[in-house]
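[1] I'll drop the sequence and a predicted model, then ask my questions.
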Amino acid sequence: MKKKWTGRVLLALVLYLAALLLLLAFEGRAPEAGIRTFWDAVWYSLVTITTVGYGDLSPVTVGGKLVGILFLVVSAGLFAAVIGFAVSFFSEKLLPARKLRAHRNSVWYVFSEVSEKSEVLARSIGLLEKDALFLFRGPAGTEVSAGELSCCVMPDPAAAVAARRPGGKDCLYFAMGEDGWENFREAAAVSGRFERVICRTSLKEDPSLPNVSCVDPAEILALLYWRRFPLRFDEKNVVIVGRGTLGRKLLERGLLTNVFSPDQHVAYRIFADGTEFCRDHAALSQFVRFGEPGYRGDSVTFLEGGWKSAPEILAKADRIILCEDREEENAAVLSDMRTYFPVETKIHVYSSVKGLYGAENFGALQEVFTSDLILKRELLSTAKRMHEIYREGSGGTAPGWESLTDFMKQSNLAAASHLQTKVRILLEDQDLNLLTKEKCREAFEVYRRTREEKAELYRWIEHERWLRFYTMHNWTYDPVRNDALHRHNLILLYEELAPEQQRKDDYAWELLEAIGR
């Protein structure tokens, strides 16, 4: 952009100067001419180009009039070019430089593009950080719908950060494009310039890029769904209509979240091809039945015939989740279901349209692209506190948070996300969908009073949740633990554990006291 504008301006100046010299060559010899000096020629050209035309100076020679005609012909285009250059220079150079200086002590958030998702996320962050500066990559002058936020659009904000804040202190970069692989490549390229990089992708985090956090919108949607619509303890049949990524993530998150009793028998029935899921989570079948419900525990059944082929399953469902990756597909399914297969149960639909055909929606941009969910601030803080309590219980022998592998961090995050379920169990509040300090305090008081009486129940719940997380990542039992080969000596049913092993997860409940402070 800079080279293009520089070349055009230089060419325009050369042509302009040549025209002035040519005008003087003609007019300077004519005795009756009013244009005799260089500054006379400049004045005449300016009043002509700007269409002011005072008439105090005008060419009298044939050559001078021809040059004057040239000025008249190009006046509008040349004047617009000059104005365009001035506006571009102001918006690309002066305005951003002024904002960067004004916010030199603020946190800078840099976005890889101007889009509805990045704007929604910026507004969410801005609600908590009033003094932050938001930089978007894009053509200068692009409009950003960011409310009262201090923001600007520039062609290369990463270069501006590198020039003014070497090392990227207090600078976060968001790779927010639609292509996850391109986002990952970009995140890797800029990781050294920023304190933290958030990459929108389905890829897992790379240990060689410690400051790059990968966030998958489908995983966030699944977390958001089960947080907002927790499974009631009397719901036994969950139907998922979703053949894509979101359907799979909802099932995975549901299996990890909905663990609340040794007597539970939740049947998840998914209208999709389950070949990939069963292959990727083969070890999970040790503790969750793959196929129609059996005598114990939860079950997962994949139905490939399409939801219209099994109306009896729809009729028995306690809830139906419509979660194709594209919203319009869910709307079409919901329309047909309401028309031809009426069911009395509640239906939840992934859609930005509220109240669509009487269903409850989830997944609007304003719900997903939030500071809390994208940056994982609250969940990360809880997971770190949980790990510290565990370290204290181990006498400080366990490694610190920063020394944990990515898998172990994810394990702690999964444990932290289950706290809402624990609070619901303790308070016997099936509809609780917002975790607060007050609720945590209340729940811990119940736990404190009942932990002797219900110790076996509480320990079973946490061990079962832990088992599901590990086996979902294909860990198997081995008397000798080997993290590299995904083998663990505690991949056993709760009743098969030694007494000291059964007590190992008490800290997961005791964390409620720390959160409630």
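    That came in fine, so what should we check first?

[2] if I pick the residue nearest the centre of the chain, what's in contact with it?
    Nearest to the mean C-alpha position of the chain, counting by CA atoms, centre = their mean, stands residue 374 at 4.5 Å. Each residue near residue 374 by CB atoms under 8 Å, 6 or more residues apart in numbering is listed here: 121, 174, 198, 215, 220. From N, CA and C alone the C-beta is placed, and that goes for glycine too.

[3] Spell out the secondary structure type for the second one.
    In the three-state summary, residue 174 is assigned as strand, counting by DSSP: H, G, I helix; E, B strand; the rest coil.

[4] Same question for the last one.
    Three-state secondary structure (criterion: three-state DSSP) places residue 220 in helix.

[5] go on, the third one?
    Using three-state DSSP, the three-state assignment for residue 198 comes out as strand.

[6] Which residues does it form beta bridges with?
    residue 174, residue 213 (DSSP bridges).

[7] Give me the neighbour count for it.
    Neighbourhood size, residue 198 [other CB atoms under 10 Å]: 24.

[8] Let me know whether it touches residue 376 as I believe.
    No - Residue 198 is beyond contact range of residue 376, at 9.3 Å (criterion: CB atoms under 8 Å).

[9] quick one, what contacts residue 260?
    Contacts of residue 260 (CB under 8 Å, 6+ apart): 233, 421, 424, 425, 461.

[10] quick one: contacts for the second one?
    The neighbourhood of residue 421, defined by CB under 8 Å, 6+ apart, consists of 230, 257, 258, 259, 260.

[11] Kindly report the same for the last one.
    With contacts defined as CB under 8 Å, 6+ apart, residue 461 is in contact with 259, 260, 261, 422, 425.

[12] Could you list the buried residues of the helix or strand the fourth one falls within?
    Which is residue 422. Element membership for residue 422, per DSSP states H and E: helix 419-427. For helix 419-427, the neighbour count (16 or more other CB atoms under 10 Å) marks 419, 420, 421, 422, 423, 424, 425, 426 as buried.

[13] From the chain's centroid, how far away is it?
    27 Å (CA atoms, centre = their mean, to the nearest Å).

[14] following it, which helix or strand comes up?
    helix 437-450.

[15] That next one packs against which elements?
    helix 419-427, helix 507-515 (3 or more CB pairs under 8 Å, 6 or more residues apart in numbering; DSSP states H and E).

[16] Can I get the ones you listed in CSV including mean pLDDT?
    Output for those, formatted as CSV (pLDDT from 0 to 100):
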stretch, mean pLDDT
helix 419-427, 94
helix 507-515, 87
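
[17] Any idea which of these gets closest to residue 395?
    The closest of the helices and strands packed on helix 437-450 to residue 395 is helix 507-515. By CB to CB, the value is 13.0 Å.

[18] can you state the direction angle for the closest one and helix 437-450?
    130 degrees (axes from the mean of the first three to the mean of the last three CA atoms, to 10 degrees).

[19] Can we start the residue count at 225 from this point?
    Taking 225 as the first residue, the last one we looked at is helix 731-739.

[20] For helix 731-739, give me every contacting residue.
    Residues contacting helix 731-739 (CB under 8 Å, 6+ apart): 606, 609-610, 613-614, 617, 639, 642-643, 646-647, 650, 661, 664-665, 667-668, 671, 675, 682, 686.

[21] hmm, 7 Å instead?
    606, 609-610, 613-614, 617, 639, 646, 661, 664, 667-668, 671, 682, 686 (CB atoms under 7 Å, 6 or more residues apart in numbering).

[22] Next: stretch 625-644.
    429, 431, 447, 451, 454, 480-481, 603, 606-608, 610-611, 656, 659, 689, 693, 697, 732.

[23] One more: stretch 491-502?
    460-467, 471-472, 475, 478, 514, 517, 522-528, 530-531, 537.

[24] count of neighbours near the closest residue to residue 571 other than its chain neighbours?
    Closest residue to residue 571 apart from its sequence neighbours, by CB to CB, 6 or more residues apart in numbering: residue 583 at 4.2 Å. Other residues lying near residue 583 total 22 when counted by other CB under 10 Å.

[25] how much space between residue 723 and residue 683?
    10 Å (CB to CB, to the nearest Å).

[26] Neighbour count for those two, which is higher?
    residue 683 (21 against 6).

[27] quick one: whichever strand or helix holds the more buried one to helix 643-651, angle?
    In this assignment (DSSP H and E), residue 683 forms part of helix 679-696. Calculated by the same axes, to 10 degrees, helix 679-696 forms an angle of 160 degrees with helix 643-651.

[28] ok, and for helix 679-696, which residues are buried?
    In helix 679-696, counting by 16+ other CB under 10 Å, buried: 682-696.

[29] chain center to it: distance?
    With CA atoms, centre = their mean, you get 29 Å for helix 679-696.

[30] quick check: mean pLDDT across that helix?
    For helix 679-696, the mean pLDDT works out to 96.

[31] Could you dump the contacts of residue 484 into a markdown table with distance to residue 435 added?
    Output for those, formatted as a markdown table (distance: CB to CB, whole Å):
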| residue | distance to residue 435 |
| --- | --- |
| 457 | 41 |
| 645 | 32 |
| 648 | 35 |
| 649 | 37 |
| 685 | 35 |
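
[32] biggest separation within the residues you listed, which pair?
    Farthest apart among the contacts of residue 484 - using CB to CB - are 457 and 685, which lie 12.1 Å from each other.

[33] what's the spacing between residue 632 and residue 624?
    Residue 632 is 11 Å from residue 624, by CB to CB.

[34] quick one: which of the two has more around it?
    More neighbours surround residue 632 than the other of residue 632 and residue 624, with 15 against 11 (other CB under 10 Å).

[35] Run the chain-centre distance for stretch 400-410.
    In terms of CA atoms, centre = their mean, the gap separating the centre of stretch 400-410 from the centre of its chain is 12 Å.

[36] tell me which residues of it are tucked away?
    400, 401, 404, 407, 408, 410.

[37] Then stretch 370-377?
    Those would be 370, 373, 374, 375, 376, 377, for stretch 370-377 by 16+ other CB under 10 Å.

[38] Return the subset of those residues lying in strands.
    374, 375, 376, 377 (DSSP state E).
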